[in-house]
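In: attaching a predicted model along with its sequence, questions to come.
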Amino acid sequence: MVAQLAIGTVTVALTIIMQACFAAIAFSVDDRFTPPRTRTTRFGATLLLAASTIWMLLAITLAAWIWAGLFIVLGAFEALEPALYFATVSLTTLGFGDVILSQDVRLLSAIVAANGLVMFGLSTAFLLEFVGQVREEKGSSTRSHISTAE
């Protein structure tokens, strides 16, 4: 039990740090490479939101692969497909229950689900912050156009 908790804690820390890095990279890339005009158009803002959403889903997908790899290393699964299926179903907290872990590693399934809750929460927080920044810039751009017209 202690070994499962330790392994699960390290894996959760790894995936959360990874996701935080994905968010930081997204903000950095946006700051460096997105032309200001793109952010002020509805189409540009929509493209930025779509790209950011896909980017954060990539982080969650990578976390599923990390968990699947761990399950294979621990001997919970012999093949990649069932390990990835179980990791994805657990990480998304869907938890069908059609595939279960053996008793020696089953505590990890709850840890994967908790990891998924945190990762989806972080993704939501990132996307809300991102949308808020885009709306703020769009609003300030609109206000500056109105000020110069007067």
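Out: Yep, that arrived.

In: please enumerate the helices of this structure.
Out: For the chain, applying DSSP state H gives helices covering 2-33, 36-40, 42-73, 80-91, 107-149.

In: need those helices in CSV with mean neighbour count, can you?
Out: Bear in mind the C-beta positions are built from the backbone N, C-alpha and C, glycine included. Below are these laid out as CSV (neighbours: other Cβ atoms under 10 Å):
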stretch, mean neighbour count
helix 2-33, 14
helix 36-40, 14
helix 42-73, 17
helix 80-91, 20
helix 107-149, 15
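
In: so which of these gets nearest residue 98?
Out: helix 80-91 (8.3 Å; Cβ to Cβ).

In: picking that back up, can you redo the helices of the chain as TSV with mean pLDDT and distance to residue 98?
Out: Formatted as TSV, the helices of the chain follow (pLDDT from 0 to 100; distance: least, Cβ to Cβ, whole Å):
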stretch	mean pLDDT	distance to residue 98
helix 2-33	92	22
helix 36-40	78	44
helix 42-73	93	15
helix 80-91	94	8
helix 107-149	80	13
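
In: can I get these in a markdown table with distance to residue 99?
Out: As requested, those are arranged in a markdown table below (distance: least, Cβ to Cβ, whole Å):
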| stretch | distance to residue 99 |
| --- | --- |
| helix 2-33 | 18 |
| helix 36-40 | 44 |
| helix 42-73 | 10 |
| helix 80-91 | 5 |
| helix 107-149 | 10 |
